[in-house]
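Colleague: predicted structure and sequence below. I'll ask about it afterward.
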Amino acid sequence: MKKLLIATALTLCSHAVLADVAVIVNPANSSAIDEGMIKKIYLGKAKSFDDGTKVNPVNQDGTSVSDEFNDKVVGKSSSQLNAYWSKLVFTGKGTPPEKLANDQAVIDFVAGNADGIGYIDAAKVTDKVKVVGTF
Amino acid sequence: MKKLPIALALCAAFVSANTMAEVRINGFASIVGGKALDDDATLYGYDDDISFKNESMFALQLSADLQEKLSATAQIVARGSDDFDAEFEWAYLTYEFSDELQVSAGKMRVPFYRYSDFLDVGYTYRWVRPPQSVYNLPFSTYEGLSLLHNTQLGDWDSTVQVIYGSFDGNIAVVSVNGDTELNDIAGINWTMSYDWFSARAAYFVADTTIDIENDTDAGVALNGLEQTLRAAGFVDQADDIAVNEDDGSFFAVGFSIDYNDILFDAEYTEFEVENSALAKQTQYYTSIGYRMDEWIVHLTYENNDDKHDSNRYNALPAVPALNAGINQVLEGVKAKSNVYTIGTRYDFHPSAALKVDFSRFKDDISDTETDVVAVAVDLVF
C-alpha cells in the first residue's frame, strides 16, 4: 500500500513537470489546424476556421496548463499577453477568448460547441473531443 | 452639453441590448506619483511638490455586442489633472462587414502615434508616459468615422485605418493656448507587422482654426502683432500670422522591435499649419529596452525641433525693420528641446506593473534643464 502511494506521488510529481498541452476541437470539426493557426487564433488574428465557420476559442483562467500553453504555443508570458489584449480591447479591435476554470470545463465547452477550440492537460483527453496538436 | 446626447445614445443602445447581448466591463488605471527635482520649474505638470494626482487616472469601458455584427463601446475616463471628473473619452458604434473590414462611428482617438490608441492604458507600454516630445499634440479625440481593414500578407499583418471627422475644444499648441476648431480631419494610418517587428506610417490633414488667447507671453505677442499688421493695412501679412482656416498637416513614421527580449522603438513626426505663425515642428524619439523576465529596463532620447530659421519672415520687403520685429516675435514662440529618460518596469502581478522613470528635459532656447522623477502603478482589469 505504501509503495503504491509513493508510486502515485512520484507519477503525479513527474506528471506536473512534464505535462503536455493538447489543443482540442469538436469531433465534428474537420478543418486543418496547425500550430501557426492555433497561435493566430489565440492572438485574435484568425477569426474563422478554413471552412469559414467563426472560431470560438476558450482560455483557462490562470492554470498551469494555460501558462504552459502561452509559453509553448503563443510564445508570450501572461503579462505580455495581458498587455497585447489590452491594446485590442481598449481600442475596440478585439476581445480575448473567454476564460474557463479548468480542463473539464474546456472539454465540456468544446464537446458542446462545433466551433469551439481549447487546450487541456494532454492526460485528460477524452473521446468527446478531437486533438489537433500536442505541445 | 455635447456629451449628453452621446451618453444617452449609448445608454439607449445598452438598455435595448440588455435582453439579447452581454455587456462587458473592462477597465484600467494608473496611479502616478512624481515631482520635479528643481525649484521654479514645471514639467509634465509636476512642480517641486510631490503630486499623486497630476498623471493618475481611472477608466471603465463598457462594450455590448448587439448581434448582427454591431457593437457599442464607451470608455469613461477620470483624470487626476481634471480633478477626476469622468468624461466620455471614446463612445462609438462598430459594424463588422467581415473578419477583415469594420467601420466605427462616434467619438474616437485620432491615431497620430503608434501608442495613440492605448495612450491612456499605461499597462501596454514600458514608460510611465510615452515620449512627450513626440506625443505632444494637445488633442487626441475626434468625432467622426473610422474604417479599419486587416489582412494577412504571408507572415505579415497589415492594418489600414482611414478616418474622417472633426474636433473642437480649447487646446495648447506649441507655446500658445486657444479655442481650436479642426474641420475635415482626414487621414490614413497604416501598420505592417511581422511577429517581432512592426512599422507604421500615418498622414493627416485638417482645416485648422485657433483663436489664440492672451494668457501666454507668446499669445500676447502674436495677437498684438497680428492686430498691428491688420490696422496698418497689411491684411495678407496679418492672415499669415493668424491661424484661421489654414491647412494643418501631420505626418508620422515609426517602427518597433521586440526580439529576444530586446525592445526598440523609434518614431518621427512632423506637424505644420501653413500660412500661420505656428512654425513647422519636427520631433522624434528612439528608445531601447531590455526584458529580464518580469523586469524591463529602458533608455529613451527625445528631440523636438523647430524647422523655421530665425529670419523666415520676409513678407514686407520694403520695411526690413518691421520684418525683423515680426521675426523676433516668431522667434519667441519657437520650441526646441530634448529629453533623456531612464526607467524600469516590473510586472509584479499578471495585471499590474510598477514603473519608475527619471527624465531630464533640456530647453535649448532658454538653455535650462528640468528633472522629473515619477513612480507609477498601472493596471488593467
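Modeller: Received it, and whenever you're ready, just let me know what you need. Since the model is a prediction, treat every value here as computed from it, not as a measurement.
Colleague: up against chain B, what does chain A have?
Modeller: A:45, A:47-48, A:62, A:77-79, A:82-83, A:86-87, A:89-93, A:95 (C-beta under 8 Å from any C-beta of the partner chain). Bear in mind the C-beta positions are built from the backbone N, C-alpha and C, glycine included.
Colleague: change it to 10 Å
Modeller: A:36, A:39-40, A:43-48, A:52, A:54-55, A:62, A:67, A:75-96 (C-beta under 10 Å from any C-beta of the partner chain).
Colleague: my read: residue B:288 touches residue B:341, true?
Modeller: No. Look at residue B:288 against residue B:341 with C-beta atoms under 10 Å: they stay out of range, at 11.3 Å.
Colleague: specify which residue of those two has the higher count of neighbours.
Modeller: For residue B:288 versus residue B:341, the count of surrounding residues by other C-beta atoms under 10 Å in any protein chain shown is larger for residue B:341: 23 against 15.
Colleague: show the subsequent helix or strand relative to the worst-scoring helix or strand of chain A on mean pLDDT.
Modeller: Across the helices and strands of chain A, mean pLDDT, DSSP states H and E gives its lowest value to helix A:2-18, namely a mean of 48. Using DSSP states H and E, the helix or strand that directly follows helix A:2-18 along the chain is strand A:21-25.
Colleague: check which helices and strands the following helix or strand past that following strand sits against.
Modeller: For strand A:21-25, the succeeding helix or strand toward the C-terminus, using DSSP H and E, is helix A:35-42. Counting contacts by 3 or more C-beta pairs under 10 Å, 6 or more residues apart in numbering or on different chains; DSSP states H and E, helix A:35-42 packs against strand A:21-25, strand A:56-60, strand A:116-121, strand A:130-134.
Colleague: mind listing what's buried along helix A:35-42?
Modeller: The neighbour-count check on helix A:35-42 (16 or more other C-beta atoms under 10 Å in any protein chain shown) flags A:37-42 as buried.
Colleague: please, which helix or strand holds the residue lying closest to residue B:84 once chain neighbours are set aside?
Modeller: The shortest distance from residue B:84 to any non-neighbouring residue, by C-beta to C-beta, 6 or more residues apart in numbering or on different chains, is to residue B:78 (4.3 Å). Here residue B:78, judged by DSSP H and E, is contained in strand B:70-79.
Colleague: the residue positioned nearest the centre of chain A pairs with what?
Modeller: Centroid-nearest residue in chain A, with C-alpha atoms, centre = their mean: residue A:119, separated by 2.1 Å. On the basis of DSSP bridges, residue A:119 is bridged to residue A:23.
Colleague: cool, residue B:85 as well?
Modeller: residue B:79.
Colleague: kindly report the same for the one 10 residues further on.
Modeller: Using DSSP bridges, the beta-bridge partners of residue B:95 come out as residue B:70, residue B:103.
Colleague: where's it relative to residue B:186, distance?
Modeller: Taking C-beta to C-beta, to the nearest Å as the measure, residue B:95 falls 20 Å from residue B:186.
Colleague: any buried residues in stretch B:263-270, and which?
Modeller: B:263-270.
Colleague: just the closest of these to chain A, please.
Modeller: Closest to chain A out of the buried residues of stretch B:263-270 is residue B:263 (11.2 Å), distances taken as C-beta to the nearest C-beta.
Colleague: what do residue B:288 and residue B:341 both touch?
Modeller: B:298-301 (C-beta atoms under 10 Å, 6 or more residues apart in numbering or on different chains).
Colleague: who are the neighbours in contact with residue 49?
Modeller: Defaulting to chain A. A:25, A:29-33, A:37, A:41, A:55-56, A:114-115, A:117.
Colleague: if you could check chain B rather than the one you did, that'd help
Modeller: B:35-36.
Colleague: cool, residue A:75 as well?
Modeller: Contacts of residue A:75 (C-beta under 10 Å, 6+ apart): A:39, A:43, A:81, B:195-196.
Colleague: against residue B:195, how distant is it?
Modeller: Counting by C-beta to C-beta - residue A:75 and residue B:195 are separated by 9 Å.
Colleague: point out the least confident member of the contacts of residue A:75, please.
Modeller: Taking the contacts of residue A:75 together, the minimum pLDDT is found at residue B:195 (86).
Colleague: shaky segments in chain A?
Modeller: By pLDDT under 70, the low-scoring segments of chain A are A:1-18.
Colleague: residues contacting stretch B:256-264, please?
Modeller: With C-beta under 10 Å, 6+ apart as the test, stretch B:256-264 has contacts from A:76, A:80, B:114-115, B:125-126, B:193, B:195-200, B:255, B:265-267, B:286-293, B:296-298.
Colleague: mind listing the helices for the stretch 151-300 of chain B?
Modeller: Per DSSP state H, counting those that start in this stretch, the stretch 151-300 of chain B carries helices over the ranges B:217-231, B:235-241.
Colleague: let's have those in TSV, adding mean neighbour count.
Modeller: Converted to TSV, the helices of the stretch 151-300 of chain B look like this (neighbours: other C-beta atoms under 10 Å in any protein chain shown):
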stretch	mean neighbour count
helix B:217-231	18
helix B:235-241	17
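Colleague: got these as CSV, with distance to chain A and mean pLDDT columns?
Modeller: Shown next, in CSV, are the helices of the stretch 151-300 of chain B (distance: least, C-beta to the nearest C-beta, whole Å; pLDDT from 0 to 100):
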stretch, distance to chain A, mean pLDDT
helix B:217-231, 35, 80
helix B:235-241, 38, 77
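Colleague: now render those helices as TSV, adding distance to residue B:277.
Modeller: Listed next are the helices of the stretch 151-300 of chain B as TSV, based on distance: least, C-beta to C-beta, whole Å:
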stretch	distance to residue B:277
helix B:217-231	5
helix B:235-241	5
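Colleague: need the residues of the stretch 201-350 of chain B near chain A, please.
Modeller: So the stretch 201-350 of chain B meets chain A at B:258, B:291, B:293-294, B:345, B:347-350 (C-beta under 10 Å from any C-beta).
Colleague: mark which of those are buried, thanks.
Modeller: Going by neighbour count (16+ other C-beta under 10 Å), these have B:258, B:291, B:345, B:347 buried.
Colleague: which of these fall within strands?
Modeller: B:258, B:291, B:345, B:347 (DSSP state E).
Colleague: closest to chain A out of these?
Modeller: Of these, the one sitting nearest to chain A (C-beta to the nearest C-beta) turns out to be residue B:347, at 4.0 Å.
Colleague: contacts only, for that closest one.
Modeller: Applying C-beta under 10 Å, 6+ apart, the residues contacting residue B:347 are A:77-80, A:82-83, B:123, B:291, B:293-296, B:353-354, B:378.
Colleague: would you show me how to pick out the buried ones of those residues in ChimeraX?
Modeller: Of the contacts of residue B:347, the buried ones can be selected in ChimeraX as follows, counting by 16+ other C-beta under 10 Å:
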select /A:77,78,79,82,83 /B:123,291,296,353,378
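Colleague: report the two of the contacts of residue B:347 separated the most.
Modeller: Taking C-beta to C-beta, the two most distant members of the contacts of residue B:347 are B:293 and B:378; they sit 18.0 Å apart.
Colleague: distance of residue B:353 from residue B:117?
Modeller: 19 Å.
Colleague: cool, residue B:206 as well?
Modeller: 19 Å.
Colleague: equivalent analysis for residue B:64, please.
Modeller: In terms of C-beta to C-beta, residue B:64 sits 20 Å off from residue B:117.
Colleague: just to revisit the earlier point, of all the helices and strands packed on helix A:35-42, which one is nearest residue B:161?
Modeller: That would be strand A:56-60 among the helices and strands packed on helix A:35-42, by C-beta to C-beta, at 25.0 Å.
Colleague: what lines up beside the closest one in the sheet?
Modeller: strand A:98-100 (parallel), strand A:116-121 (parallel).
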